[in-house]
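Trainee: please work out how this folds:
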Amino acid sequence: MKIAVMMVGNQISPHFGGSEKVCIYTVENDSIVAKEYFNMPEHRAGLFAKFIKEKGADVVIAGSMGERARYIFDTLGVKYFIGVLGNPDQAVEKLLKGQLKSNEELANDIHQHEEGLHHHSHRHFHQHHHRKE
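Mentor: Predicted coordinates:
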């Protein structure tokens, strides 16, 4: 089995489409036998999902994921866990123990916030004013 963890820096990426790199964990007999890092290609609609599938991933872990990526993974038979943040190794260990669960509510909150930042039309983006005391 291969598990793709979407990353920014050394943490799980809050948004699938905003990932800098992916770590592909190769798992045999419930143990991690290899970890490979790949820089993500230029972000274009649908490209990340296809890239992940080409790397042989059976499972994807990310903070949030847009509808297009979900649809592509559903079509390709790739499972995904969203609403997962923090340390990639810990998330994979939880997955291997059967303890990892998607947190749709968190994923949706992240996705809405990220979309707002990307498009600069989200009201929340404009409300951060620092007052001098």
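
Trainee: contacts and neighbour counts: CA atoms only from here.
Mentor: Will do.

Trainee: helix, strand, or coil at residue 93?
Mentor: Under DSSP: H, G, I helix; E, B strand; the rest coil, residue 93 falls in the helix class.

Trainee: ok, it - how many residues close by?
Mentor: Here the number of neighbours of residue 93 (other C-alpha atoms under 10 Å) works out to 15.

Trainee: begin at 44 from here
Mentor: Fine by me, first position is 44 from now on; the one you just mentioned is residue 136.

Trainee: if I look at it, how far off is residue 87?
Mentor: Distance from residue 136 to residue 87, counting by C-alpha to C-alpha, to the nearest Å: 31 Å.

Trainee: again, but for residue 134
Mentor: Per C-alpha to C-alpha, residue 134 is found 27 Å from residue 87.

Trainee: neighbour count winner among the two?
Mentor: Using other C-alpha under 10 Å, the more surrounded residue of residue 134 and residue 87 is residue 134, with 21 against 8.

Trainee: grab the nearest non-local neighbour of that one.
Mentor: Leaving aside its sequence neighbours, residue 134 sits nearest to residue 143 (C-alpha to C-alpha, 6 or more residues apart in numbering; 6.9 Å).
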